[in-house]
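K.L.:
how would this look folded up:
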Amino acid sequence: MEIRPGKFPSSQSLLLICLLLFVFGVDVVLADISSISTNGGDIAGYQTLYDCDRKEEDTVSSVVSNNPDEKDIDIITAYSGVSGTIRLGRVKMTDLSASWVWENTVGGNREPKRSSQVMEESSQSGSRFRENPEQSMDENYSGEGGTQYSRILPMSPVKIKRQIKRQERRKLRALELSQQDKETENNIIAAAIERSKGFETGVKGKYSIWRREYESPNSDSTLKLIRDQIIMAKAYANLAKSNNESTLYNSLIKYSRESQLAIGEASSDSELHPSALDRAKDMGHILSIAKDQLYDCLTVARKLRAMLQSTDESVYAQKKKSAFLIQLAAKTVPRPLNCLPLQLAADYFLLGYHSKGDLPKEKLEDPSLYHYAIFSDNVLAASVVVNSTMQNAKEPEKHVFHIVTDKLNFAAMRMWFLVNPPSRATVEVQNIDDFKWLNSSYCSVLRQLESARIKEYYFKANHPSSLSVGSDNLKYRNPKYLSMLNHLRFYLPEVYPKLDKILFLDDDIVVQKDLTPLWSIDLKGMVNGAVETCKESFHRFDKYLNFSNPLISNNFSPNACGWAFGMNIFDLKEWKKRNITGIYHRWQDMNEDRTLWKLGTLPPGLITFYNLTYPLNRGWHVLGLGYDPALNQTEIENAAVIHYNGNYKPWLNLAVSKYRSYWSRYVMFENPYLRLCNISEQ
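P.N.:
Purely as a prediction, here's the structure:
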């Protein structure tokens, strides 16, 4: 239809033109919608993979023609204006967005691709992209009509570089993590090797480095079975004897003896004789017969209860004997320690050391120096105290040791320190028998030790019936309680009248740090400076004193904290001012019948210095190395003084092996006297 200029078309002609334009526009829109609906999954997937914020120039360059023939086609569109009037517009094909596609409805296969094919093609395209990230994507899709249309989707160079750098960073991070894993593994292996070097492989008997819960619960099942069978056989044998079943009784006794022989001294299944399992089977057969003939629930339970009570009594008796033997072993002098003082005493007189004069008294009475008091009859133990103190002292020339021993060991003790003098320190050895003021008229303990009651208490221990009094009293029959060396600590101002302060040390301690700061501690008017030993309810006054006696309960608190003898700094000026020795004598006289406390020096010490003891820091003094094998190793190593209080002294075979090295490092094993007496490091 031709429209001439200058004339308006008729109404019919205008209506026909609008109808044609409307039909053409609807056809284009339907084609677009059908293309989107048919390929929605692929397009959505494509947009999810590559949809990102692009720069303006990237967006413009990515718009290409959807026409496979690459022709520029004009498209006339009709649309409604703002005022509602219909308007016409012309659009180039190259200006359309990427969502518009060119559809050829002529021919072609309309069957869509299967999902498996789509997944296969997508995986192949993904692998191609991973192999060459710089290559642009070219995906082929099949629409509903089977017409293939292509789309070139380039990536920006910036994104490609970022992706390459991201992959490089991932590779570097993976390499670093693998190297860290190797270093960690090597450190773990090295630490395990170091720990394995510390294992004690010389322990006799059954030994396992694993904890108990890692042991197999059935590892000793055969041994346990045989032991249970023996117990049941004894129970049924007693029942058979009471019922006059002599044949069954003899069989049970016979198999019980055979099972006991099969066990022997075995402590695990691996130590059992090969025939032990056969014995267990035979015993099980005879026990089955006994059960059929004799079993009665109440009777068997009553018999087992009686056996349990008898076993408990036997165990209690064995514990008392064990306690007595431990006390005996702890107080018996080993042969090497007995040899040492004999050799020293012999040379003391043979080599003329007894004619040497005493030391000048200037240093011995100088209150500005550091004075120590050691009361001991053990030469080797006293030498370790002096050696350990001097090796850790900062000014050895200012230290003075006052050693008091008995008449029997005086020559040996003096000979040792004359031959082996400590570096630049002064050592004075005195005989307690030379203290003429220490007699029974002045000293309460000496007067009590001479009484018939105390002699009976001590010497009846040789009678077998003495074990019936219990193991608790055995340690108080220790010979050291008969020695005045143990009680001399209550007479320090009389022994050292010229001194102001003195540090008292037991002979079973080891010094690991410089002790000179103890003399500068302000005791706040107290007489005794000591480390307290109470933790919660342990080692308080009620553990040592008899609070059922009104003399004790009316004067002391049962919850008062105890403290340790063994390393004590004493203010002798304050001691004299408060008449501490007089307080000790008064309480010692009241305890002549031993009703206030048992024998020993700690209970009267707690009473004498009650409310007169200044608590020192726990790091100065760590106790328990002579009886507790579970002490904190770090506390031991950091302590200034460690104390082997208890029966397991470091010079005995009873000593706890892991604590022995702290003491033995200060023993001069190369000394000719020690080698002569076969005293060597164990």
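K.L.:
separation between residue 377 and residue 186?
P.N.:
Per C-beta to C-beta, to the nearest Å, residue 377 is found 56 Å from residue 186. Where C-beta positions appear, they are placed from N, C-alpha and C, glycine not excepted.
K.L.:
so these two - more neighbours on which side?
P.N.:
More crowded of residue 377 and residue 186, by other C-beta atoms under 10 Å: residue 377, with 22 against 10.
K.L.:
okay but the more buried one is in contact with residue 408, surely?
P.N.:
Yes: look at residue 377 against residue 408 with C-beta atoms under 8 Å: they come within range, at 7.1 Å.
K.L.:
just the strands in the stretch 351-500 of the chain please.
P.N.:
With DSSP state E, counting those that start in this stretch as the criterion, the stretch 351-500 of the chain has strands at 370-375, 399-405, 426-431.
K.L.:
ok, which of these comes nearest residue 543?
P.N.:
For residue 543, the closest of those is strand 370-375, at 24.6 Å, according to C-beta to C-beta.
K.L.:
on the pLDDT front, check residue 110 for me.
P.N.:
In this prediction, residue 110 carries a pLDDT score of 43.
K.L.:
swap that for residue 51, sorry
P.N.:
For residue 51, the model assigns a pLDDT of 41.
K.L.:
give me the number of residues near the residue nearest to residue 391 when sequence neighbours are not counted?
P.N.:
Excluding the flanking residues, the one nearest residue 391 by C-beta to C-beta, 6 or more residues apart in numbering is residue 666, at 6.9 Å. Residues near residue 666, counting by other C-beta under 10 Å, number 19.
K.L.:
same deal with residue 488?
P.N.:
21.
K.L.:
how about the contacts made by it?
P.N.:
Going by C-beta atoms under 8 Å, 6 or more residues apart in numbering, residue 488 touches 375, 404, 432, 438, 495.
K.L.:
which stretches in the protein count as strands?
P.N.:
All strands of the chain, identified by DSSP state E, fall at 74-80, 86-92, 137-142, 148-153, 370-375, 399-405, 426-431, 501-505, 509-511, 528-530, 567-571, 613-615, 621-622, 641-643.
K.L.:
mean pLDDT lowest for which of these?
P.N.:
Across the strands of the chain, strand 137-142 gives the lowest mean pLDDT, at a mean of 42.
K.L.:
show me where pLDDT drops low in the stretch 501-650 of the chain?
P.N.:
Within the stretch 501-650 of the chain, the ranges that satisfy pLDDT under 70 run 536-538.
K.L.:
residue ranges of the helices in it, please?
P.N.:
For the stretch 501-650 of the chain, applying DSSP state H, counting those that start in this stretch gives helices covering 541-544, 550-553, 572-578, 580-590, 602-608, 633-638.
K.L.:
ok, which of those helices comes nearest residue 249?
P.N.:
In terms of C-beta to C-beta, the element of the helices of the stretch 501-650 of the chain nearest to residue 249 is helix 541-544, at 51.5 Å.
K.L.:
list the buried ones in that closest one?
P.N.:
Going by neighbour count (16 or more other C-beta atoms under 10 Å), the buried part of helix 541-544 is 541, 542, 544.
K.L.:
now those in TSV, with distance to residue 653?
P.N.:
Shown next, in TSV, are these (distance: C-beta to C-beta, whole Å):
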residue	distance to residue 653
541	35
542	35
544	30
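K.L.:
give me the number of residues near residue 633?
P.N.:
10.
K.L.:
who's in contact with residue 529?
P.N.:
Contacts of residue 529 (C-beta under 8 Å, 6+ apart): 518, 521, 523, 568, 569, 570, 571, 613, 614, 616.
K.L.:
what about residue 437, how many residues nearby?
P.N.:
Using other C-beta under 10 Å, residue 437 has 10 other residues around it.
K.L.:
please name the nearest non-neighbouring residue to it.
P.N.:
Spatial nearest neighbour of residue 437, excluding adjacent residues (C-beta to C-beta, 6+ apart): residue 494 at 6.4 Å.
K.L.:
gap between the one you found and residue 527?
P.N.:
Between residue 494 and residue 527 the distance is 15 Å, computed by C-beta to C-beta.
K.L.:
cool, residue 348 as well?
P.N.:
Distance from residue 348 to residue 527, by C-beta to C-beta: 37 Å.
K.L.:
which of the helices of the stretch 501-650 of the chain sits closest to residue 172?
P.N.:
Here helix 633-638 is closest among these (C-beta to C-beta), at 42.7 Å.
K.L.:
give me the contact list for that closest one.
P.N.:
Contacts for helix 633-638 (C-beta under 8 Å, 6+ apart): 512, 619, 622, 625, 642, 659, 662.
K.L.:
the last one contacts residue 510, doesn't it?
P.N.:
Meaning residue 662. Yes: using C-beta under 8 Å, residue 662 is in contact with residue 510, at 5.6 Å.
K.L.:
between the two, what contacts are shared?
P.N.:
residue 642.
K.L.:
re the thing from before, correct me, but the residue nearest to residue 437 touches residue 580?
P.N.:
No: Residue 494 lies out of contact with residue 580 (C-beta under 8 Å); the separation is 11.2 Å.
K.L.:
ok, those two, which is more surrounded?
P.N.:
Neighbour count, other C-beta under 10 Å: between residue 494 and residue 580, residue 580 has more, with 22 against 14.
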